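Peer 1: coordinates for the following, if possible.
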Amino acid sequence: MSHDPEDLGRVARVLNEALVLFQKEHERLKHQYREQANEGSGIAGGPRQTILGIERLVGTVRDRLDALALYAGYAAFGINDLASRARERSHDRYLSTAEGADRMARPLGEDTVRALQLLHTLGDFLGDDTISDIDRILAAPQATYPPTDWDAYHKEEKRKMKEKAGRL
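Peer 2: Numbers count the residues shown, from 1 in each chain. Model prediction:
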């Protein structure tokens, strides 16, 4: 990502629009599940996992937007060491902006889908892993986390980590 104010502004506006959609979805889901909010805590797509998922989406997008704002501010003021750290945080490859949607009941709400589609347009900013996560989540016919088979899940996660390490 460059220091180009127009590019930073474009990314910030998209992140903000996605954040507003996720927040709206969070309110809708809290209302929808108000009677069942603590039910099915270990069931993928259950009320508790769906609420946890949307809360995670709100939090990760807010964190990315905050880090981007810090980066832009520090860069504008010429405080390069702090700008560099904020930029790294805004690009943290271990923080999938789509994380959380894999917990949510299907079909995903309209606002969640729209927000994920908006985030997908930020491939240059979010990176290939997050874009792949979004594609996988939008195609999934049901929630996938928490898994029913933890051993298989851990094996798959180890395989993914080795694959990612090979690309770095």
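Peer 1: hey, let's count contacts and neighbours off CA atoms from now on
Peer 2: OK.
Peer 1: list the buried residues for the helix or strand that contains Ser132?
Peer 2: Assigned by DSSP states H and E, Ser132 belongs to helix 128-139. The neighbour-count check on helix 128-139 (16 or more other Cα atoms under 10 Å) flags 129-131, 133-134, 137-138 as buried.
Peer 1: quick one: the strands in this protein, in order.
Peer 2: In order along the chain, the chain carries no strands (DSSP state E).
Peer 1: hey, which helix is longest across the protein?
Peer 2: helix 47-77 (DSSP state H).
Peer 1: show me the residue sitting in the middle of the protein in space.
Peer 2: When Cα atoms, centre = their mean is applied to the chain, the residue found nearest the centroid is Thr97 (2.0 Å).
Peer 1: pLDDT check: weakest of the buried residues of helix 128-139?
Peer 2: Among those, Asp129 carries the lowest pLDDT, at 82.
Peer 1: any idea how far Gln36 is from that residue?
Peer 2: 33 Å (Cα to Cα, to the nearest Å).
Peer 1: can you check Gly109 too?
Peer 2: In terms of Cα to Cα, Gly109 sits 18 Å off from Gln36.
Peer 1: kindly report the same for Asp111.
Peer 2: For Asp111 relative to Gln36 (Cα to Cα), the value is 21 Å.
Peer 1: and these two? Which one has more around it.
Peer 2: More crowded of Asp111 and Gln36, by other Cα atoms under 10 Å: Asp111, with 18 against 13.
Peer 1: is it correct that the more buried one is in contact with Glu25?
Peer 2: Yes. With contact defined as Cα atoms under 8 Å, Asp111 and Glu25 form a contacting pair (5.9 Å).
Peer 1: any weak-confidence spans in this structure?
Peer 2: For the chain, applying pLDDT under 70 flags the ranges 1-3, 37, 39-40, 91-96, 168.
Peer 1: where do the helices of it begin and end?
Peer 2: Using DSSP H, helices in the chain cover 5-32, 47-77, 80-90, 110-120, 123-126, 128-139, 150-167.
Peer 1: which positions in the fourth one come out as buried?
Peer 2: Okay, so that is helix 110-120. Buried positions in helix 110-120, judged by neighbour count with 16+ other Cα under 10 Å: 111-117, 119-120.
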